[in-house]
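Chemist: Got a predicted structure here, sequence first:
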Amino acid sequence: MTVHGDLPAPQQGLLLTHFLTVSNVAVSRRFYADVFGGDIVMEENPAIVKAANTWIIMNPGGGPTPDKPGVILEAPQSGERVSSFLNVRVADIAAFYTHAVAHGADFLTEPVDRGSELRCYFRDPDGYLIEVGQSTGLLVGIQAAPPAESG
């Protein structure tokens, strides 16, 4: 697959990007560029940050459009309930954690060893949840234990 410059525009096949509705494009654009060491491809309309092998696309919310009738885009209202999150895999979670904290990431916990992986979570400026993980035991067939039943 080839891409036109740094824009997520394949000449054949497909590629996946991640779109975020954000409350402040400039703040989110800088956050994703700094924390993930990404390149700002477009400043606005939409803002696009290329990080590693993906693109984060950001725009403010808004009402329905002809191609998405009945759909309203808005930044998260609460960080307590989520239905999806960005999942980032890294080669060295300790190095990423240190870099991300230095660039403003506020992690929920330090990396936790789950047997199959080391994993931790943080939020972006709008409250989107981001998982960062490093496969460890999974590489030799160890899977994470199922979550404990809550009673």
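Modeler: Ah, there it is. Source: prediction; values computed, not measured. Residues are numbered from 1 along each chain as shown.

Chemist: Name the nearest residue to the residue most central in space within the chain, sequence neighbours excluded.
Modeler: Nearest residue to the geometric centre of the chain (C-alpha atoms, centre = their mean): Leu86, 3.7 Å. With sequence-adjacent residues excluded and distances taken as C-beta to C-beta, 6 or more residues apart in numbering, Leu86 is closest to Ile130, at 4.7 Å. Where you see a C-beta, it was placed from the backbone N, CA and C, and this is true even at glycine.

Chemist: Would you confirm that that neighbour contacts Asp124?
Modeler: Yes. Using C-beta atoms under 8 Å, Ile130 makes contact with Asp124 at a distance of 6.4 Å.

Chemist: More neighbours: which of the two?
Modeler: Neighbours were counted for Ile130 and for Asp124 using other C-beta atoms under 10 Å; Asp124 has more, 23 against 19.

Chemist: Could you pull up the residues touching the more buried one?
Modeler: Asp124 sits next to 20, 28, 31-32, 130 when contact means C-beta atoms under 8 Å, 6 or more residues apart in numbering.

Chemist: Many thanks, I have nothing further to ask.
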